[in-house]
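Asker: dropping a prediction and its sequence here:
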Amino acid sequence: MSEEDGAAKSSALVEVNAGIREAVDLFRARGEATSGWEFMCECGAETCHEQVLLTVVEFDALKAAGMPVLAEGHPVSRPRAARERSAKLRDDAAALNAQRSCSRSGRARTAARTPEAYLFLADHLAEPHRPPLQWVP
């Protein structure tokens, strides 16, 4: 099975599990609640037909975190792992850009507090038409 076929199978199983989750709500509405439900493993492997027993709370928590339903010991499919890695890299890049932006504005604020800046400001306020004094450290 190619990676594309595995990704397609995994995607189909995600939809099957979403359907199971909707069925849970229908059974609950009729008062037929159970403690656990069997969801399909979403690893995408050609030979995998395993089911995973989860409560609705566990299933919802997995989906809220963007995680797949996986049988014990089953790896995340390569396409999904690549998507997760690229999302993490995008988040890291955004954080680094924000950090760089903050450090630049910090340098500008620090530069404005140098002795030369204070001397220029004080001198300019005292006599605005006279050329500023030079700083000699």
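Answerer: Yes, it's here.

Asker: and the helices in the protein?
Answerer: With helices called from DSSP state H, the chain shows them at 3-29, 56-64, 78-111, 115-126.

Asker: okay, and for this protein, where does confidence drop off?
Answerer: 1-6, 33, 77, 79-81, 103-137 (pLDDT under 70).

Asker: how many neighbours does Ser11 have?
Answerer: 15 (other CB atoms under 10 Å). No exception for glycine: its C-beta is placed from N, CA and C like everyone else's.

Asker: how close does it get to Thr34?
Answerer: Counting by CB to CB, to the nearest Å, the gap from Ser11 to Thr34 is 27 Å.

Asker: contact partners for Val16?
Answerer: Going by CB atoms under 8 Å, 6 or more residues apart in numbering, Val16 touches Met40.

Asker: how near is it to Lys9?
Answerer: Using CB to CB, we find Val16 at a distance of 10 Å from Lys9.
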